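> quick one: sequence and predicted model below, then my questions.
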Amino acid sequence: MSHGAVPHGPVGGAPPETPANWPVGYPAGYPVAESDRLTRFVARLYARTPRWVVPLAAVGCVAAGIGYTLLSDPTRSAPDALPTCLLKLTTGLDCPGCGGTRALWYVLHADLPAAARHHFLFVFALPFLAYLFVAWAGRQAFGWRLPELRIGPKLVGGFLAAWLAFSVLRNLPWPPFTALYV
């Protein structure tokens with residue numbers, strides 16, 4: 001080892017000593033930077049916060065989105081009413097999420113065929129997303145152990161590929177793809 005070099009891993013096969021302030025899950029043998037005041041404040045705040053606060057905040061965000069959808073009635077608003085999609089406004093193309101707010105409005109009014117007409121993949125994914133959220137929030141807030149959905153990278157990649165294909169096909173200007181316009 002050269003002069004002034006600091007060993008960062010096992011020397012001679014022996015594992016390095018783990019300092020007391022070492023982060024959990026951090027690879028052993030690497031130096032840990034000293035935390036700044038903001039990081040220490042956030043860490044203390046996180047340690048003192050009840051475990052149900054984050055799921056409650058997430059429920060609040062979901063409720064705000066649902067409330068906005070119900071109050072704005074996106075099915076009756078003008079196509080150029082604010083807020084509008086910047087991609088659609090600038091290019092005239094439907095974005096990957098185009099029709100999602102209208103689909104949510106129809107789901108909230110129990111009209112699944114109309115919801116699927118506006119954004120089929122959103123309607124398809126909604127029950128899975130709802131279950132994943134309930135399982136996560138229940139585990140965080142109450143310690144529930146609901147059965148896990150096994151969603152691997154191949155399934156996520158397949159869904160994203162289908163979403164990309166749907167996004168491209170709905171913008172093609174000839175039949176039968178014009179039926180996908182929203």
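Good, I have the coordinates.
> what does the helix-or-strand element of the chain with minimal mean pLDDT rub up against?
For the chain, counting by mean pLDDT, DSSP states H and E, helix 86-91 ranks last in confidence among helices and strands (a mean of 78). Contact with helix 86-91 is made by 80, 93-95, 98, as judged by CB atoms under 8 Å, 6 or more residues apart in numbering. Backbone N, C-alpha and C define where each C-beta goes, glycine included.
> return the member of the residues you listed nearest to Pro176.
Asp94 (15.6 Å; CB to CB).
> my guess is that closest one meets Phe177, correct?
No - judged on CB atoms under 8 Å, Asp94 makes no contact with Phe177 at a distance of 10.9 Å.
> neighbour count winner among those two?
Set Asp94 next to Phe177 and count neighbours by other CB atoms under 10 Å: Asp94 wins out with 19 against 13.
> name the element that one belongs to?
For Asp94, there is no helix or strand it lies in under DSSP states H and E.
> low pLDDT regions in the chain?
Applying pLDDT under 70 to the chain picks out residues 1-33, 78-83.
> any idea how far the residue nearest the centre of it is from Trp174?
Central residue of the chain (CA atoms, centre = their mean): Leu129, 9.4 Å from the mean position. Distance, Leu129 to Trp174, using CB to CB, to the nearest Å: 33 Å.
> name the helices or strands packed onto the lengthiest helix in the chain?
Looking across the chain with DSSP state H, the single longest helix is helix 112-142. Contacts defined by 3 or more CB pairs under 8 Å, 6 or more residues apart in numbering; DSSP states H and E place helix 112-142 against helix 53-72, helix 100-108, helix 153-169.
> picking that back up, between Asp94 and Phe177, what contacts are shared?
Between them, Asp94 and Phe177 share the contacting residues 170-171, judged by CB under 8 Å, 6+ apart.
> coming back round to it: quick one: the least confident helix or strand of the chain to chain centroid distance?
How far helix 86-91 lies from its chain's middle: 23 Å, per CA atoms, centre = their mean, to the nearest Å.
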